[in-house]
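Asker: Can you look at this prediction? I've put the sequence above it.
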Amino acid sequence: MTEHPTSRIKGTAARSKGPTSRPSSPPTPGIESEAPSGPGSALLYNALGPFGYRRLSQHRRHQHTVRGALADLICTTAQEADHLHAQLRRHAAHARDRYTNALAAPGGYIEDAEITAIQQHPGHAATLYAARLGQQLRQLERVLDAYRTIETATGT
């Protein structure tokens, strides 16, 4: 197994500067399938429509072209937004479970330590996930605008 250096963004691998062939792997749900699975892929689907959404995944296969590299960046950005959304949802579910468990204490008595833990738990991590998701969706809109510009300029 080959080790890939990681980039500054947690969970993503650093990319080399030269064109590379795409490894054969099953399609990622939400990008190369018909139905969007998260906010990133839904944004693409709504912005491009069904035909444009399928065409984006076709362009993505041509890594040696500017359009292919941009399509890959768009899809990767959308996948990262979907991943961050899933992380935020998992975090929210975990926080909800902690609140439920703490408030359902035997005898209705909640210790001070439990209250402090509840107050600290959702704050920082949820804020980071939400901010990162917002940043990722804004970045997706920017690269999607660049893709639309290329599509309009070439007329294809």
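Answerer: Everything's here; your move.

Asker: who are the neighbours in contact with the residue lying closest to I150 once chain neighbours are set aside?
Answerer: Nearest residue to I150, sequence neighbours excluded (C-beta to C-beta, 6 or more residues apart in numbering): R67, at 5.8 Å. The way it works is simple: take the backbone N, C-alpha and C, and place the C-beta from them, glycine included. By C-beta atoms under 8 Å, 6 or more residues apart in numbering, R67 lies in contact with H59, Y147, I150, T154.

Asker: just V66 next, same as before
Answerer: Neighbour list for V66: I150 [criterion: C-beta under 8 Å, 6+ apart].

Asker: Average pLDDT for the longest helix belonging to the chain, rounded please.
Answerer: If you go by DSSP state H, the chain has its longest helix at helix 66-103. Throughout helix 66-103, pLDDT has a mean value of 89.

Asker: Renumber starting at 49 from here on
Answerer: Done: numbering now begins at 49, and the last item shifts to helix 114-151.

Asker: just the helices in the protein please.
Answerer: Counting by DSSP H, the chain has helices at residues 87-108, 114-151, 160-168, 171-202.
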